[in-house]
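Visitor: Just the structure for this:
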Amino acid sequence: MKKLNFINKIVFFFNSVAATLLLLSYVLPFIPPKTFSVLSVLSLAVPFLILVNALFFLYWLLKVQKQFFLSFVVLVVGYLYFGSLYKFSTPAEIDKENSLSVMNYNVRLFNLYDWIEDKDTQVKLVDFIKDKAPDVVSFQEYHPHIDIDLSFFKYKYEKLSGKRNKIGQAIFSQYPIINSGSISFPKTSNNAIFVDIVKKKDTIRVYNIHLQSLKIDTKVEAISQENSERLVKRIGNSFKMQQEQTEMFLKHKNKSKHKVIVCGDLNNTAFSYVYKEISEGLTDAFKVAGNGFGRTYDFKFFPTRIDFILVDNHFEVDAFKTYDVHYSDHFPVMAKLSFKD
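Guide: Numbering: from 1, shown residues only. You can find the predicted model right below:
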């Protein structure tokens, strides 16, 4: 530090803060939000902290200063535990006779309230799904809109609530649904649903989970105007609800005797407690075959991945894609799976 000039001392101070916060965030998946909800909010900033530390690392490296070791070590620790924030390659898609394609999409009520100004959004969204032709699609923030025709799917299960406008979740399938149900979360419109579908001789349970929303207005002016203490407290309370919902979901899932696929909008990142709990014993399809940052939510500040497709060890992930289409505030994801012999 003595050899650094005044400007670089300031830079290193902020570098130290960013590195400390990132290192601290690595332990957050092991801390239940009910224990320390305010601290758990830091997990949302992990992608941002990774990018900031990468910039600090490059800054010191270009200056040939040993201070680059600080962010370098913290980034390596994160890579060894979480893997890469950015996927550089993806396996070639393999056509297999026993393949199953699964899409997850938070459709934001099919643009019911014209959040997107394009009047053809609903038509384009349905045409997109028809073109990609998933065998199974899992919808969050679903609304049985009069102009939405998904009759090209043979089977469906909907769980809706509300008096004026029915909203909720749905699973559409090209394969027979022999069983279905809902895991109703208390004090919220969010919930989890499931269907058991039959493909040849295999019965597969597909879950569609939608955890408590953080209710963050992503507009810059809205975030800057909101009281930061109130914002953190509100998000912390949402994290507590997410933990309770996760516990209910896992209690139900652990009783299933079928092959399991979990789709959904967790309203939280892959660096969170709820993701760690839900993904335990499952494979994150993006980590196997995804590409890029895997951004699934339209957040301007940094790439945010909160929508997932997780599969148990009966499946191989042959392909995965995040589609950059703006028909909602989320981006659809689709995995191509096959059964292991």
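Visitor: Please make it C-alpha for all contacts and neighbour counts, starting now.
Guide: Noted.
Visitor: any weak-confidence spans in the stretch 1-150 of the chain?
Guide: 1-2, 89-95 (pLDDT under 70).
Visitor: for it, what spans make up the helices?
Guide: Using DSSP state H, counting those that start in this stretch, the helices found in the stretch 1-150 of the chain span residues 6-25, 37-40, 46-62, 68-82, 108-111, 121-132.
Visitor: Please identify the deepest-packed of those.
Guide: Of all those, helix 108-111 carries the top mean neighbour count, a mean of 21, counting by mean count of other C-alpha atoms under 10 Å.
Visitor: what does that helix rub up against?
Guide: 121-122, 125, 140-143, 145, 167, 327-330 (C-alpha atoms under 8 Å, 6 or more residues apart in numbering).
Visitor: Check the residues you listed for burial and list the buried ones.
Guide: Buried members of the contacts of helix 108-111, counted by 16 or more other C-alpha atoms under 10 Å: Thr121, Gln122, Leu125, Gln140, Glu141, Tyr142, His143, Ile167, Tyr327, Ser328, Asp329, His330.
Visitor: Spatially nearest residue to the second one (excluding sequence neighbours)?
Guide: Okay, so that is Gln122. In space, and not counting its chain neighbours, Gln122 is closest to Phe110: 5.8 Å by C-alpha to C-alpha, 6 or more residues apart in numbering.
Visitor: which residues in the protein form strands?
Guide: For the chain, strands defined by DSSP state E occupy the ranges 99-106, 136-142, 155-161, 167-173, 177-184, 191-199, 202-210, 259-265, 283-284, 307-311, 315-322, 333-339.
Visitor: Export the ones you listed as JSON lines, with columns for distance to Phe249.
Guide: Listed next are these as JSON lines, based on distance: least, C-alpha to C-alpha, whole Å:
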{"stretch": "strand 99-106", "distance to Phe249": "18"}
{"stretch": "strand 136-142", "distance to Phe249": "16"}
{"stretch": "strand 155-161", "distance to Phe249": "16"}
{"stretch": "strand 167-173", "distance to Phe249": "15"}
{"stretch": "strand 177-184", "distance to Phe249": "7"}
{"stretch": "strand 191-199", "distance to Phe249": "7"}
{"stretch": "strand 202-210", "distance to Phe249": "8"}
{"stretch": "strand 259-265", "distance to Phe249": "11"}
{"stretch": "strand 283-284", "distance to Phe249": "17"}
{"stretch": "strand 307-311", "distance to Phe249": "14"}
{"stretch": "strand 315-322", "distance to Phe249": "21"}
{"stretch": "strand 333-339", "distance to Phe249": "22"}
